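# Pasting the sequence and the predicted model now:
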Number of protein chains: 2
Amino acid sequence: MYKKILQQHNISVTKQRVILLEILDKVQKPITIEEIRLHIKGDINVTTIYRSLKKLVDVGIIYQTDFRDGVSYFEFQGDNHHHHITCVECKSRDHIDICITDESLSIAEKKGYSVTNHIFELFGLCKECSKQS
Amino acid sequence: MYKKILQQHNISVTKQRVILLEILDKVQKPITIEEIRLHIKGDINVTTIYRSLKKLVDVGIIYQTDFRDGVSYFEFQGDNHHHHITCVECKSRDHIDICITDESLSIAEKKGYSVTNHIFELFGLCKECSKQS
DNA sequence: CAATAATTTGCAAATAATTTGCAAATATGT
DNA sequence: ACATATTTGCAAATTATTTGCAAATTATTG
């Protein structure tokens, strides 16, 4: 299954890439490289992880984002593309099933850009943390 | 003027913060800490720059974002809030005068979050770079 | 306006994420 | 199966960002 995805995007099918995809598909949320490593049975070199994920992001198979804590997060979104809202206090995170508007896309296109990728993240206070402050 | 802004947000008015605001207001585009340092006549300690910018971001005076090149970018947006599209090839950058939709805000609120901040960045190919590939 | 409290700064050193260069291994196309 | 292109692993380097602490600056209170 993951083999197919890689082939469809015209990149080599390697053991390491398949493993990474399996992990990301299983956890279904954005995780860091450190967390990914904990899921790997056996071992994949860190450098390889960085490079493989970069490739997967470049071809659009996975979504890379950052939540402003100094680390990159990676997520396999499959058919269910979405973004997130993160509590700046407790770091809890939830999905937001909404994305770029056609309007912003067309504005970008008018400026001569073809959009291939995006980051969209909300930050705020969750219900719990709102109470406390 | 910058003094007033700082006061309105209830944070101390320091020479360093005013200088940083002046710089960001002058350049009117997202710049890195390295670039900021080039604009500083005299000297502000790097640590101070990091901490001051973080504060300015926290209170919402400036916008922090990242374009996936491993560095943070900071921008004073004043009254003219906007986002960007970045060419993944030549790194050219343009404004996108569009922001979060009310719809995504209300979805977040339904989940119990009050949104205080956001990142929204588009990536793609500019006109020039599209031709070449 | 002076005195005290609270916040911020500068410095040097530490931390931690990410990248590089290169040789060996693996995948792909014919 | 062969030749070519791509990817991997390793060790070491790089670089952005953070920490702890004492001194300096800013805000607050009487």
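Done, it's in.

# what about the biggest strand by length in chain A, average pLDDT?
Among the segments of chain A that qualify as a strand by DSSP state E, the longest is strand A:114-125. For strand A:114-125, the mean per-residue pLDDT is 91.

# For chain B, tell me whether the helix or strand following that strand is touching it.
Scanning forward in sequence from strand A:114-125 by DSSP states H and E, the next helix or strand is helix A:127-132. Yes: residues of helix A:127-132 contacting chain B under C-beta under 8 Å from any C-beta of the partner chain: A:127, A:130. Every C-beta, even on glycine, is put in place using the N, C-alpha and C of the backbone.

# what about the helices in chain A?
Remark: helices assigned in chain A by DSSP state H are A:2-8, A:15-27, A:33-39, A:46-58, A:102-110, A:127-132.

# buried sites along stretch A:91-98?
The neighbour-count check on stretch A:91-98 (16 or more other C-beta atoms under 10 Å in any protein chain shown) flags A:93-94, A:96, A:98 as buried.

# Among these, name the ones in strands.
A:93-94, A:96.

# The longest strand of chain A pairs with which strands, parallel or anti?
strand A:83-87 (parallel), strand B:114-125 (antiparallel) (DSSP bridges).

# so which of those strands gets nearest DNA strand C?
DNA strand C lies closest to strand B:114-125 among the strands paired with strand A:114-125, at 15.0 Å (C-beta to the nearest atom of the strand).

# Residues of chain A that sit close to chain B?
Residues of chain A lying close to chain B by C-beta under 8 Å from any C-beta are A:64, A:66, A:68, A:83, A:85, A:87-88, A:94, A:96-98, A:100-101, A:103-104, A:107-108, A:111-127, A:130.
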